[in-house]
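In: Structure for this input, please:
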Amino acid sequence: MSNIGIVGGTFDPIHNGHLLLGEQAYREYCLDEIWYMPSGQPPHKKDHKVTSAPDRCAMVRLAIQNTGYFRLSEFETSRRGNTYTAQTLHLLREAYPQHTFDFIIGADSLYQIESWYHPEEVLSMVRILAADREYDRAHPPMDEQIRHLTERFGGRIEKLHCRELDVSSEDIRSRVAKGLSVKGMLPAAVEEYIYQRHLYMDLEDSL
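Out: Numbers count the residues shown, from 1 in each chain. Just a heads-up that it's a prediction; the model follows:
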């Protein structure tokens, strides 16, 4: 039985922070593979037009091409309609009974998870690996949040001992739209693809 780490997200576009999360989870928790799984139609992404699934998958493929234990999973993009993590995890366990799954998230997602579709199901099906973060006054300490979620929903939540990079897909889209450099924020092959395909050039769609 293989232990697979899932990094989900819109990946619009994928950036170095996403790759750092997968790398840390693979090494710290001795996972067999990391699957990058672009979302299909994410119900919570109403603030901008989501780039087509083929383009987002192509960018992920380029970003992970030189890391042997990274994989692109089109499990969600192949489904129609809104895609919810709880539903995806149910379907994954049915489709891959030979695997166990961990779900890898950034620190912000740990503070938002109670607003997800059936968070109790998510926490009952997988171990959550969440990026550590320095304390800030906007949130309770991370250990306190983990304790709260565990007491409310059960499940297993572990910390990834890496700091998230100060980079976001939203910022990259905005910078591309404004003609600013995004060098160092994402793999060079992904940056080249964005400009070749003229993605995020329309400011209205990019913000």
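
In: which stretches of this structure aren't confidently modelled?
Out: 42-48, 135, 203-207 (pLDDT under 70).

In: Do you have the strands of it handy? List them.
Out: Along the chain, counting by DSSP state E, strands occupy 2-9, 33-38, 70-72, 99-105, 127-132, 156-163.

In: Off-centre distance for the second one?
Out: The chain centre lies 9 Å from the centre of strand 33-38; the measure is C-alpha atoms, centre = their mean, to the nearest Å.

In: picking that back up, dump the strands of the chain into JSON lines; add mean neighbour count as well.
Out: The C-beta positions use only the backbone N, C-alpha and C, and glycine is treated the same way. Conversion of the strands of the chain to JSON lines gives the following (neighbours: other C-beta atoms under 10 Å):
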{"stretch": "strand 2-9", "mean neighbour count": "21"}
{"stretch": "strand 33-38", "mean neighbour count": "24"}
{"stretch": "strand 70-72", "mean neighbour count": "19"}
{"stretch": "strand 99-105", "mean neighbour count": "21"}
{"stretch": "strand 127-132", "mean neighbour count": "21"}
{"stretch": "strand 156-163", "mean neighbour count": "16"}
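
In: JSON lines please, covering the ones you listed and showing distance to R197.
Out: Output for these, formatted as JSON lines (distance: least, C-beta to C-beta, whole Å):
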{"stretch": "strand 2-9", "distance to R197": "19"}
{"stretch": "strand 33-38", "distance to R197": "16"}
{"stretch": "strand 70-72", "distance to R197": "17"}
{"stretch": "strand 99-105", "distance to R197": "27"}
{"stretch": "strand 127-132", "distance to R197": "29"}
{"stretch": "strand 156-163", "distance to R197": "31"}
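
In: Indicate which one of these is closest to E121.
Out: Closest to E121 of the strands of the chain is strand 99-105 (C-beta to C-beta; 11.7 Å).

In: Against which helices or strands is the closest one packed?
Out: Applying 3 or more C-beta pairs under 8 Å, 6 or more residues apart in numbering; DSSP states H and E, one finds that strand 99-105 makes contact with strand 2-9, helix 16-28, helix 85-95, strand 127-132.

In: Now do the last one and strand 99-105, the angle between them.
Out: Strand 127-132 runs at 30 degrees relative to strand 99-105, counting by axes from the mean of the first three to the mean of the last three C-alpha atoms, to 10 degrees.

In: With the third one instead?
Out: Using the same axes, to 10 degrees, the direction of helix 85-95 lies 160 degrees away from that of strand 99-105.

In: what's helix 85-95 in contact with?
Out: Identification of contacts with helix 85-95 by C-beta atoms under 8 Å, 6 or more residues apart in numbering yields 6, 8, 37, 75-76, 99, 101, 103, 116-119, 121-122, 125-126.

In: Out of those, the closest to D202 would be?
Out: E76 (25.2 Å).

In: isn't the closest one right next to W35, touching?
Out: No: with contact defined as C-beta atoms under 8 Å, E76 does not reach W35; the gap is 10.6 Å.
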